[in-house]
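[1] compute the structure for the input listed below.
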Amino acid sequence: MTSVELFNQRIVRLEADQQQLQEEILQANADRDRANADRDRANAERDRLAEENTELRQKLAEQELEYQLLIKRIFGPKSERYLEDPNQLKLDFGDRDQVDDAIEGIRQAKEELEIEVAGHTRRRKKRDEKLPEHLPREIVTIDLPEEEKEGLTCIGYDSTETLIFEPPKLRVRETRYPKYVDPAQSENGVKQAPREPGLVEGNRYGTGVAAQIVTAKYGYHLPVYRQQDIFAGSGWSPSRSTLLNILTRVALLIGPLIEFFRGEVRSDSVIGSDDTGVKLLLPKEVPKVDPLDPKSQRVHEVIAEAIAAGKPHVPAKMWAYRGVHVPLNVFDFTASRHRDGPDLFLVGSGYEGVLLGDCYGANTGIVMRSCGAIAHAACVAHARRKVRDARDNHPRHAGQLLSLFRELYDIEDRGRTMDALDRLALRQSEAAAIWGEIRSYIDGAMTNVLPKEKMAEAIGYLGNQWDALTLYLSNASIPIDNNETEQLMKQVALGRKNWLFVGSVAAGYRAADLMTLVSSAIRNDLDVWAYVKGVLDALLSGSEDYALLRPDVWAEAHPEQIRTYRITEREQRWARQQHERSRRRQARSR
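    Alright, predicted model coming up:
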């Protein structure tokens, strides 16, 4: 083979090698592109997983916070006081009755055991615990046997007093009405004295029995089946239907009086309002719309929808309206939390004044629906509660805000005993400045709060309701919070745990009226049974002077029915709180 041929073969091999190398380069570039694409996909997946992990961690933190809040609500202390450090004194935010009672019990127990005197400790003489003098006494003498007394002279007695309890006693009063005829004029018929009016036909059950049934159910929260056992212990075993019929008759009798109470509450310049849920059992048929009852349309809609969905019951609402200056509590029942509750009670009646309550939509929109006749004042305790619930989320921010809220309540405490003008001046000179600090702190120091955090919810609440929260600064008659009205919900909640449900819409209306009567008596420190019986007696006698039956007015005419120990307890609790707050203010001023 010639050299030319060898050279040509070498060229052909080189070209083949070049072609193969180019193919390998193309393959390598394709592999590199695929690797880059895989890397980009891996990076994107990594970023996605990292973002998902962040979201899951945030959601887990939110759920953990909600879980902790739920645990605290169920098992934690109910007081909303805030302590910046363990050495600070306690500040009351309106719900400390149980705590104060416990503190007082511990204090009294300590005082009974010992008193610290300079240099030593001495025993304290026990308090005088004599039983009330007005209770009837029965003297029982426990003597020596006759054989042991022989030759002895009695020089006096040692005595002890033992309180004895007997079940309530029932008695039957037979009322006789003599019948007279004139033998000479028999056509004139028989003459008798007019029959006494009664709750039920034949006056079979006295007003004392009716008052006991009402007081037991709505004052002590005892359902009628438990009252059966109580009455049976006194020798009478009524059926449940009998007890319910008596309640129905009482509610019918007091209807005009309760309507008068509603008008009295609406005459107040400030009304506190709150609501809580009750279970309403559904009837078999949808009730018809009553053109004379403005609530019936909403009742018809709610029940029709629930029956169509196959539900056995619906969540109804019991509303409370508390006169801030008129000492009456009025309850109202609605088949839902629709705005027809406060609208009918306030807007529909032409009320002009201030509604104090939470920031539920029906309350906040009532200003517009009343064309400005009603102003909405928000409860500062609600705003404080939202900050308190976010403590685990942002403890430093929560601590600062809670300290400012504490100062607001401290100012209110100082103004409680002032007249309206001095209290208004105190609020505008000191409380307004604290609210300015709250606003400055929110706008300046809380920029690191994320939108989905609990603290952001608290900030949003403060910002959205700022005007309603600070309305009390311009009106001395508006309380700083709605705690006293909210505490009325305990009366419904305690009853709800016992009687469980409302059997019908009519039963809900009756329950609201009876709770109005009982709750107003409790508010005025009255013996509930005595007050209810007095009201029933007056109404049965034909009295229409409802102003005399207001519990505060009735108490003036019946001072013996006032539970003075409640007033004393309240005064003592107030004195202790004043002492604690005074010590705290002195410590803070040092």
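[2] what about residue 322, which helix or strand?
    Using DSSP states H and E, residue 322 falls within strand 313-323.
[3] quick one: that strand to chain centroid distance?
    With C-alpha atoms, centre = their mean, to the nearest Å as the basis, strand 313-323 stands 11 Å off its chain's centre.
[4] what's the average pLDDT for it?
    Strand 313-323 carries an average pLDDT of 93.
[5] and whichever helix or strand comes after that strand, what does it pack against?
    Next helix or strand after strand 313-323 toward the C-terminus (DSSP H and E): strand 329-334. Judged by 3 or more C-beta pairs under 8 Å, 6 or more residues apart in numbering; DSSP states H and E, strand 329-334 is in contact with helix 240-266, strand 313-323, helix 340-342, helix 505-523. No exception for glycine: its C-beta is placed from N, CA and C like everyone else's.
[6] still on that earlier bit, tell me what angle the strand holding residue 322 forms with strand 329-334.
    Using axes from the mean of the first three to the mean of the last three C-alpha atoms, to 10 degrees, the direction of strand 313-323 lies 150 degrees away from that of strand 329-334.
[7] tell me where the stretch 151-300 of the chain has strands.
    270-281 (DSSP state E, counting those that start in this stretch).
[8] what's the burial count for residue 506?
    For residue 506, the count of nearby residues is 14 (other C-beta atoms under 10 Å).
[9] likewise the one 5 residues further on?
    By the criterion of other C-beta under 10 Å, residue 511 has 23 neighbours.
[10] what sits against it?
    Contacts for residue 511 (C-beta atoms under 8 Å, 6 or more residues apart in numbering) come out as 218, 318, 331, 333, 502.
[11] which among the residues you listed gets closest to residue 397?
    residue 318 (36.5 Å; C-beta to C-beta).
[12] what is the closest one paired to in the beta sheet?
    Beta bridges link residue 318 to residue 276, residue 333 when assigned by DSSP bridges.
[13] neighbours around residue 15, how many?
    10.
[14] where does this protein have low pLDDT?
    Low-confidence segments of the chain (pLDDT under 70): 1, 72-128, 339, 361-362, 588-590.
[15] show me how the record splits it into domains.
    Listed domain ranges for the chain are 1-35, 380-478, 558-590 (source: automatic domain parsing).
[16] need these in CSV with distance to residue 521, can you?
    Below are these laid out as CSV (distance: least, C-beta to C-beta, whole Å):
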stretch, distance to residue 521
domain 1-35, 85
domain 380-478, 25
domain 558-590, 9
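[17] can you check which of these gets nearest to residue 136?
    The nearest among the domains of the chain, by C-beta to C-beta, is domain 558-590 at 16.5 Å.
[18] list the buried ones in the closest one?
    By neighbour count on 16 or more other C-beta atoms under 10 Å, the buried set for domain 558-590 is 561-562, 569, 573, 577, 581, 584.
[19] ok, now stretch 372-391?
    For stretch 372-391, a neighbour-count test (16+ other C-beta under 10 Å) marks 374-391 as buried.
[20] residues in contact with stretch 450-463: which ones?
    58, 62, 65, 359, 382-383, 386-387, 389-390, 393-394, 397-398, 401, 438, 442, 446, 449, 469.
[21] return the distance of the top helix by length along the chain from the chain's centre.
    The longest helix of the chain (DSSP state H) is helix 3-75. Relative to the centre of its chain, helix 3-75 is centred 60 Å away, using C-alpha atoms, centre = their mean.
[22] which elements pack onto that helix?
    Helix 3-75 packs on no helix or strand, going by 3+ C-beta pairs under 8 Å, 6+ apart.
[23] what about 10 Å?
    Contacts defined by 3 or more C-beta pairs under 10 Å, 6 or more residues apart in numbering; DSSP states H and E place helix 3-75 against helix 380-389, helix 454-464.
[24] let's have these in JSON lines, adding distance to residue 537.
    Formatted as JSON lines, the helices and strands packed on helix 3-75 follow (distance: least, C-beta to C-beta, whole Å):
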{"stretch": "helix 380-389", "distance to residue 537": "40"}
{"stretch": "helix 454-464", "distance to residue 537": "49"}
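[25] not counting sequence-adjacent ones, nearest residue to residue 343?
    Among residues not flanking residue 343 along the chain, residue 369 sits closest, at 6.4 Å (C-beta to C-beta, 6 or more residues apart in numbering).
[26] what's the neighbour count on that neighbour?
    16.
[27] picking up where we left off before, so which of the helices and strands packed on strand 329-334 is nearest residue 130?
    In terms of C-beta to C-beta, the element of the helices and strands packed on strand 329-334 nearest to residue 130 is helix 505-523, at 27.8 Å.
[28] what's the spacing between that closest one and its chain's center?
    Distance of helix 505-523 from the chain centroid (C-alpha atoms, centre = their mean) equals 16 Å.
[29] okay, angle between that helix and strand 329-334 too, please.
    Going by the same axes, to 10 degrees, helix 505-523 makes 170 degrees with strand 329-334.
[30] so which strand or helix has residue 354?
    Using DSSP H and E, residue 354 falls within strand 353-357.
[31] and that strand, what other elements does it pack with?
    Packing contacts for strand 353-357, counted by 3+ C-beta pairs under 10 Å, 6+ apart, involve strand 270-281, strand 313-323, helix 361-364, helix 366-369, strand 374-378, helix 466-469, helix 483-486.
[32] got these as JSON lines, with distance to residue 164 columns?
    What follows is the helices and strands packed on strand 353-357, written out as JSON lines (distance: least, C-beta to C-beta, whole Å):
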{"stretch": "strand 270-281", "distance to residue 164": "40"}
{"stretch": "strand 313-323", "distance to residue 164": "40"}
{"stretch": "helix 361-364", "distance to residue 164": "52"}
{"stretch": "helix 366-369", "distance to residue 164": "55"}
{"stretch": "strand 374-378", "distance to residue 164": "52"}
{"stretch": "helix 466-469", "distance to residue 164": "55"}
{"stretch": "helix 483-486", "distance to residue 164": "38"}
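[33] picking that back up, how about the buried residues of domain 558-590, which pair is most distant?
    Greatest spatial distance in those: 561 and 584, 38.5 Å, computed using C-beta to C-beta.
[34] in stretch 239-248, what counts as buried?
    Buried residues in stretch 239-248, counted by 16+ other C-beta under 10 Å: 242-244, 246-247.
[35] could you export those residues as CSV, including distance to residue 157?
    Formatted as CSV, the buried residues of stretch 239-248 follow (distance: C-beta to C-beta, whole Å):
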residue, distance to residue 157
242, 50
243, 48
244, 53
246, 48
247, 50
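[36] nearest to residue 144, of these?
    Of the buried residues of stretch 239-248, the one sitting nearest to residue 144 (C-beta to C-beta) turns out to be residue 243, at 52.1 Å.
[37] which residues does the closest one contact?
    205, 209-210, 213, 216-217, 223-225, 227-228, 231 (C-beta atoms under 10 Å, 6 or more residues apart in numbering).
[38] could you rerun that using 6 Å?
    213, 224 (C-beta atoms under 6 Å, 6 or more residues apart in numbering).
[39] quick one: residue 236 from residue 371, how far?
    56 Å (C-beta to C-beta, to the nearest Å).
[40] typo on my end, residue 182
    Distance, residue 182 to residue 371, by C-beta to C-beta: 69 Å.
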